[in-house]
Structure formats: structure tokens, C-alpha cells
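Colleague: Whatever this is, show me its structure:
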Amino acid sequence: MRIVSLASGSSANSTLIESEHARVLIDAGLSRRQIVQRLTKIYGTNVRLDAILVTHEHQDHIAGLARTAKVLAAPIYATEGTLAALEPLLKNIEALDLRACVPRRAFEIGDLVIEPFRTSHDAAESCGFFIEERSLFAGLNKRVGLATDLGTVTKEVREYLEQCDFVLLESNHDVEMLLQGTYPEDLKARILSDMGHLSNDDCGKTLVYLAKQKRLRQALLMHLSQNNNRPKLALETARRFLNGAIEVAVAPRDRMSEVFTL
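Modeller: Numbers count the residues shown, from 1 in each chain. Here you go, the predicted model:
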């Protein structure tokens, strides 16, 4: 299984996960042109997707969704609440294949078993995704979990992430930077709420908990705020909590990450 973030931040989010027999994109917050260009860097002329999974309807996650899905003939999977919220954007686009998925109910794409789980965010019905690559021996199956845009890590989120070898977890802001910054007070309150975004400290505490479950090997810090965080600060915070327990890296906001292989 290979994982690469095409972009991750307050402006645009998109993550590619590939197995031997499937390619799925989680979110399409870049433009269609940017997504295709970045996929071309990976695949050359053989650019295709088997599905686009959508976490929620906010613009930084769906800006290029309709056009990317149409040009690559990729079905769109999202919760019923998210599909309803997307209806005004998608209703005039012909030939889109829209498929509802249900939290805690698995579905298959190629050799990937995918299970959405609920996240705590101010969106219609946001979710994260637990993705397992099936192998001949079940004990060797690789598991990835993505949870971004969540104000708090609920019991449900922990239950899914603690099964994973690799997690992509939000590390949105440094609390002190946010409080001392120029954002309006109501926006600060939204970000800090249980329906907002995860701080560096809360991300670090979550990763420590997951590492203690003994399965997790790698983490990628996602969705860093441009104004209220710094990649070095987010990484240092996570490493301070983890004390070397697992490998950790930061997804760039406006360019592709390295390719991670499980």
C-alpha cells in the first residue's frame, strides 16, 4: 500500500491511497488541473482513479471534486448527509456516479475494504476513513486511518485509529498562536470547539495513546493552519509527546508529500 498527500492545509486537501488493485483519492480540494498534474507525476500517462472518497463538504476538500470525478470517470463516495450538502454543486454536472456510504459499514473497492467513521466537525455528516488492504493472510493486512477536520478525538475515532499501521491525523494549530493571532474571536472559538479543529497538543496526546496500542508504526500530520501553525512546531510537538515511539512526518500544505509505503 502506498500513501501520498497531494496537499493538506487550510486551502486544499487531497490524499491518494493505492494498493495492488485499487487507487482511491480522499477529498479533492485542489483544482481538477492540479489533481491531474500531481497524479501524472506519480503515474505518467496512466492516470486513473477507482473512487473519490469525501470526508465532508467544505470547500478546501471538494473544490475540484465534480470536474475530477467527471474527467477520470471515478465514482464519488460520501455519507448521505454530505451528499445532500453537495447537491447544489453536483446537480448540474452530468455523468457523475454518486454513492452513499454509511458510518461503521464497510464497502469494497478492489482489494481495499473501506469503512467510514464519524468525526466531530461543523459539517453536515463528516467522517474519516479506515482502509484495509486485504492479503492472503489476514494477519498481514495493512491498515490506514485518516482523520482530519475534527475538534475532538471521540471514542469512535480512537477505536478505528488504534487498529492502524499508519494514520493521517490533523495537527491544525498551536493554541497559543491561535489565541494571540488576528482571527476574529468567533472564529477562534469555532476552531477551539469540539466541532472545530485538532490542536498540536491534542494530536500529540492522541498519537501517544495510539502508539501504546502497539500496532501503529507511522503518522503523518495533516491540515496545518497557515496562520496558526508551523510545520517545524507541529513536528516538534508530536515528537515531544511521542519520545521516539513511532515515526512521524508533516504533510506539506501546498505540494505533494513523499510517498509512504506499507
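
Colleague: I'd guessed residue 122 sits against residue 191; true?
Modeller: No: using CB atoms under 8 Å, residue 122 makes no contact with residue 191, being 10.1 Å away. To be clear about C-beta, it is placed using only N, CA and C from the backbone, and glycine gets the same treatment.

Colleague: The two: which has the busier surroundings?
Modeller: residue 191 (20 against 15; other CB atoms under 10 Å).

Colleague: how many other residues sit next to the residue lying closest to the more buried one once chain neighbours are set aside?
Modeller: In this structure, residue 191 finds its nearest non-sequential neighbour in residue 197, 5.1 Å apart by CB to CB, 6 or more residues apart in numbering. For residue 197, the count of nearby residues is 26 (other CB under 10 Å).

Colleague: next one: residue 230
Modeller: As a measure of burial, residue 230 has 15 neighbours, counting by other CB under 10 Å.

Colleague: check contacts around it.
Modeller: For residue 230, the contacting residues are 174, 224, by CB atoms under 8 Å, 6 or more residues apart in numbering.

Colleague: ok, now how distant is it from residue 173?
Modeller: Computed with CB to CB, to the nearest Å, the distance linking residue 230 and residue 173 is 10 Å.

Colleague: same deal with residue 211?
Modeller: Distance, residue 211 to residue 173, by CB to CB: 22 Å.

Colleague: returning to what we had before: what residues do residue 230 and residue 173 have in common as contacts?
Modeller: Taking CB under 8 Å, 6+ apart as the contact criterion, the residues that touch both residue 230 and residue 173 are residue 224.

Colleague: Am I right that residue 124 is in contact with residue 62?
Modeller: No: with contacts defined as CB under 8 Å, residue 124 does not count as touching residue 62, sitting 11.8 Å away.

Colleague: Which strand or helix spans the residue minimising distance to the centre of the chain?
Modeller: Most central in the chain under CA atoms, centre = their mean is residue 146, positioned 4.5 Å from the mean C-alpha point. Mapping residue 146 onto the secondary structure by DSSP states H and E places it in strand 142-147.
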